[in-house]
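K.L.:
coords below, sequence missing:
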């Protein structure tokens, strides 16, 4: 049984975890409603922007290096905790690849952490 694209979108739109996907050109391609709530943003203001353009200069180098490591396959996963507006979140970052191993982009999942 194959799940269609609309069903996948409904699943991601329903999740409590924030989901952000940047494509292989580092352009923000998907931001789910939970990510909008967590980050207090509107997806339509960010979709299509270069991922690096939305980070402060002090974070840009580390984000660039992580994306480079994802693209080359040196790293597949990264995790860190961060505070967003006083609430603690665990962000996990994943390299997304197709069945042939081609790099498709980077996925970020934000989960609230009790603490």
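P.N.:
Structure's in. What do you need? Since the model is a prediction, treat every value here as computed from it, not as a measurement.

K.L.:
Lowest mean pLDDT among the helices and strands of this structure, which one is it?
P.N.:
One helix or strand of the chain scores below all others by mean pLDDT, DSSP states H and E: strand 77-84, with a mean of 88.

K.L.:
and the helix or strand following that one, what does it pack onto?
P.N.:
Scanning the chain past strand 77-84 towards its C-terminal end, the next helix or strand to appear is strand 87-97 (assignment: DSSP states H and E). Taking 3 or more Cβ pairs under 8 Å, 6 or more residues apart in numbering; DSSP states H and E as contact, the helices and strands that strand 87-97 lies on are helix 57-72, strand 77-84, strand 103-112. Yep, even glycine has a C-beta here, placed from its N, CA and C like the rest.

K.L.:
contact partners of strand 87-97?
P.N.:
For strand 87-97, the external contacting residues (Cβ atoms under 8 Å, 6 or more residues apart in numbering) are 18, 21, 38, 66, 70-71, 73, 75-83, 103-115.

K.L.:
so who does residue 61 touch?
P.N.:
Under the criterion of Cβ under 8 Å, 6+ apart, residue 61 has no neighbours.

K.L.:
let's number from 26 now, not from 1
P.N.:
New numbering, starting at 26: the last item is residue 86.

K.L.:
sorry, back to before: what angle do the least confident helix or strand of the chain and strand 128-137 make?
P.N.:
40 degrees (axes from the mean of the first three to the mean of the last three Cα atoms, to 10 degrees).

K.L.:
and the closest residue to residue 56 other than its chain neighbours, how many neighbours?
P.N.:
Counting by Cβ to Cβ, 6 or more residues apart in numbering, residue 68 is the residue found nearest to residue 56 once chain neighbours are left out, at 3.9 Å. Other residues within reach of residue 68 by the criterion other Cβ atoms under 10 Å amount to 15.
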